[in-house]
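>>> Here is the input, now give the coordinates:
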Amino acid sequence: MNKERNNILKESSETYITNLSDNERLRRDVFRSDMDKLKLFTKMLRTNNVLNKAVITHK
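Numbering: from 1, shown residues only. Below you'll find the model as predicted:
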């Protein structure tokens, strides 16, 4: 019982830390300059394009 509770608490705290860092990242990005936002957007498009062209060679 104690072991299960500790695992649940650990998982919830890790999720909270991840969400907190995502929120902090979003807050930081909102206040970037327009040029920085454009660079981030184009980087996202390039990354997505590369992932769409990726070919799985084995399973």
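
>>> looking at this structure, which helix or strand is least sure?
Taking mean pLDDT, DSSP states H and E as the measure, the chain has helix 2-30 as its least confident helix or strand, at a mean of 66.

>>> measure residue 21 to residue 44 for me?
Distance of residue 21 to residue 44, given as Cβ to Cβ, to the nearest Å: 18 Å. Glycine gets a C-beta too; all of them are placed from N, C-alpha and C.

>>> just to revisit the earlier point, helices or strands up against the helix or strand following the least confident helix or strand of the chain?
Using DSSP states H and E, the helix or strand that follows helix 2-30 in sequence is helix 34-53. Contacting helix 34-53 under the criterion 3 or more Cβ pairs under 8 Å, 6 or more residues apart in numbering; DSSP states H and E is no other helix or strand.

>>> May I have helix 34-53 exported as PDB, CA atoms only?
Extracted in PDB, the C-alpha atoms of helix 34-53 (Å, rounded to 0.1, in the frame of the first residue of the first chain):
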ATOM      1  CA  ASP A  34       8.300  39.300 -33.500                       C
ATOM      2  CA  MET A  35      11.500  38.200 -35.300                       C
ATOM      3  CA  ASP A  36      12.200  35.500 -32.700                       C
ATOM      4  CA  LYS A  37       8.600  34.300 -33.000                       C
ATOM      5  CA  LEU A  38       9.000  34.100 -36.800                       C
ATOM      6  CA  LYS A  39      12.300  32.100 -36.400                       C
ATOM      7  CA  LEU A  40      10.600  29.700 -33.900                       C
ATOM      8  CA  PHE A  41       7.700  29.200 -36.300                       C
ATOM      9  CA  THR A  42       9.900  28.500 -39.300                       C
ATOM     10  CA  LYS A  43      12.000  26.100 -37.300                       C
ATOM     11  CA  MET A  44       8.800  24.300 -36.300                       C
ATOM     12  CA  LEU A  45       7.700  24.100 -40.000                       C
ATOM     13  CA  ARG A  46      11.100  22.700 -41.000                       C
ATOM     14  CA  THR A  47      11.100  20.100 -38.300                       C
ATOM     15  CA  ASN A  48       7.600  19.000 -39.200                       C
ATOM     16  CA  ASN A  49       8.600  18.800 -42.900                       C
ATOM     17  CA  VAL A  50      11.600  16.600 -42.100                       C
ATOM     18  CA  LEU A  51       9.500  14.300 -39.900                       C
ATOM     19  CA  ASN A  52       6.900  13.900 -42.700                       C
ATOM     20  CA  LYS A  53       9.600  12.900 -45.100                       C
END
